[in-house]
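Participant: task: produce atomic coordinates for the following.
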Amino acid sequence: MINKNMPSTDAAVADIPDGATLMVGGFGPAGQPYALLDALIRRRPRELTLISNNAGNGDFGLAALLKAGCVRKVICSFPRQSDSWVFDDLYRRGELELELIPQGNLAARIQAGGSGLGGIYTPTGYGTLLAENKETREIDGRQYVFELPLKADFALIKAERADRWGNLVYNKTGRNFGPIMAMAATCTIAEVNQQVSLGELDPETVITPGIFVQRLVTSPANSQQLSA
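Facilitator: Numbers count the residues shown, from 1 in each chain. Okay, here's the model as predicted:
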């Protein structure tokens, strides 16, 4: 019987080691797997490489992970905004590395990692500092930069509903990076608001098939899990 339910968020992240590369879904606060991040902070791995859209808001979620000293390097497209004081302080003190990637390139490189591609050519970044020491070429009269795929050891993502096989349905903006990160990680851990019985999800609404999800937890506030 396929049942990807984990007994707790702590159990779901228990084997994330020091030095792991970690993708975390979310578009700002929308779609961030807060319960999984809290569990990871309790475990306190070190030297993580974090791949995400931004570098945290306020003192919660991704920002709390940075503040706990778990992250060595951030790969993202939008590190600073009015409430990104945790990232800002750590970066200015030289305690955090940053690789800045335009948002479209970030998504495309994650997609390339999940699709098994060796890389992509993109016009974004050509002629700027972002293209330094990278291969460039002209295609149909336009200049392109070669970018390598992004992959991760683990992906932490958030969805609205799931069955025990790990099929996922998202809620609006909460969908953001979750589907492509699930494909680009060796182990995808999904936090969901609600679990339903097999057959209850409309196949037309399933965005991430269960084949891309290895572990499943229900948010503690909505912790009812179904075995059917």
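Participant: when you work out contacts or count neighbours from here on, use the C-alpha atoms and nothing else.
Facilitator: Fine.
Participant: contact partners for the closest residue to Gly31 other than its chain neighbours?
Facilitator: Leaving aside its chain neighbours, Gly31 sits nearest to Gly174 (3.9 Å; criterion: Cα to Cα, 6 or more residues apart in numbering). Contacts here follow Cα atoms under 8 Å, 6 or more residues apart in numbering; on that basis Gly174 touches Gly26, Phe27, Ala30, Gly31, Gln32, Lys158, Ala159.
Participant: weed out the non-buried ones from those residues.
Facilitator: Among those, those buried by neighbour count (16 or more other Cα atoms under 10 Å) are Gly26, Phe27, Gly31, Gln32, Lys158, Ala159.
Participant: show me where pLDDT drops low in this structure?
Facilitator: For the chain, the stretches with pLDDT under 70 are 221-228.
Participant: quick check: beta-bridge partners of the residue nearest in space to the middle of the chain?
Facilitator: For the chain, Val24 is the residue whose C-alpha lies nearest the centre (Cα atoms, centre = their mean; 2.5 Å). Beta bridges link Val24 to Leu156, judged by DSSP bridges.
Participant: send me the longest helix along the chain as PDB with only the CA atoms.
Facilitator: Scanning the chain for the helix with the most residues, using DSSP state H, yields helix 103-115. The C-alpha trace of helix 103-115 is given here as PDB (Å, rounded to 0.1, in the frame of the first residue of the first chain):
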ATOM      1  CA  GLN A 103      13.100  35.400 -11.600                       C
ATOM      2  CA  GLY A 104      12.400  33.900 -15.000                       C
ATOM      3  CA  ASN A 105      15.900  32.400 -15.200                       C
ATOM      4  CA  LEU A 106      15.400  30.900 -11.700                       C
ATOM      5  CA  ALA A 107      12.200  29.200 -12.700                       C
ATOM      6  CA  ALA A 108      13.600  28.000 -16.100                       C
ATOM      7  CA  ARG A 109      16.800  26.600 -14.400                       C
ATOM      8  CA  ILE A 110      14.700  24.700 -11.900                       C
ATOM      9  CA  GLN A 111      12.500  23.400 -14.700                       C
ATOM     10  CA  ALA A 112      15.700  22.300 -16.500                       C
ATOM     11  CA  GLY A 113      16.800  20.500 -13.400                       C
ATOM     12  CA  GLY A 114      13.500  18.700 -13.100                       C
ATOM     13  CA  SER A 115      13.300  17.900 -16.800                       C
END
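Participant: offset the numbering so it begins at 35, please.
Facilitator: Fine by me, first position is 35 from now on; the one you just mentioned is helix 137-149.
Participant: with that, I have no additional questions.
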